[in-house]
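**Q** okay, sequence plus prediction incoming.
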Amino acid sequence: MNVAPDGGASAKHHILTVLVENKPGVLTRVAGLFARRGFNIYSLAVAPTEDDRFSRITIVVDVESAPLEQIIKQLDKLINVVKIDELAPGEAVERELLLATVAAPPEVRGQVIELVGVFEGRILSVGWRELTVSLEGSPSKLDDFEELIGNYGIVALQRTGRVALPKLERRTPDIEDPPG
């Protein structure tokens, strides 16, 4: 796993957020472009935006498989692509969701629950010998949790892939009257 010190994408992986028209077949065309060109997708997530006419695709790309500029140029040629933003490592707020069913027989259940709590996760379902848990956070946080919870036995695990937005600017804008 190539993770930057802040828990985000490494220098080998860059994040692209692609605003597309929310129409059937758009995701297929984007994924097809990557497949045809031999570009490696490390992670992909898609969902509608606040405007129902558009969806945002977050793609973590392996820049060793192709130059980032080439990937952006190819994406920009697709008709339904409205806007492409590159979020360089360290310039994005990234999150991922993990759902896992973990072996938790009575003799270790307390330890599993404690570990979930340490990582600020939630217990979603309780069975006789298993727990289903959820955890949200940076990719590195989820990697750490997955490694530790694996000692108890992972029955099933699913991760969403990264979603990301640009970090907000923190300097005070040069304006005379504050908004309001």
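**A** Okay, I see it.
**Q** quick one, what contacts the residue most central in space within the chain?
**A** Nearest to the mean C-alpha position of the chain, by Cα atoms, centre = their mean, lies residue 162 at 0.5 Å. By Cβ atoms under 8 Å, 6 or more residues apart in numbering, the contact set of residue 162 is 9, 15, 43, 45, 58, 60, 94-96, 139. To be clear about C-beta, it is placed using only N, CA and C from the backbone, and glycine gets the same treatment.
**Q** now the protein, which segments are flagged as low pLDDT?
**A** Filtered on pLDDT under 70, the chain yields the residue ranges 1-11, 175-180.
**Q** have a look at it and report its longest strand.
**A** strand 92-103 (DSSP state E).
**Q** which elements pack onto it?
**A** Helices and strands touching strand 92-103, by 3 or more Cβ pairs under 8 Å, 6 or more residues apart in numbering; DSSP states H and E, are strand 130-137, helix 139-149, strand 154-159, strand 163-166.
**Q** closest to residue 77 out of these?
**A** Among those, the nearest to residue 77 by Cβ to Cβ is strand 163-166 (23.2 Å).
**Q** dump the C-alpha coordinates for the closest one into CSV.
**A** Extracted C-alpha coordinates of strand 163-166, given in CSV (Å, rounded to 0.1, in the frame of the first residue of the first chain):
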residue,chain,number,x,y,z
VAL,A,163,-13.8,9.8,-2.0
ALA,A,164,-12.1,13.2,-1.8
LEU,A,165,-12.6,16.9,-2.0
PRO,A,166,-10.0,19.7,-2.1
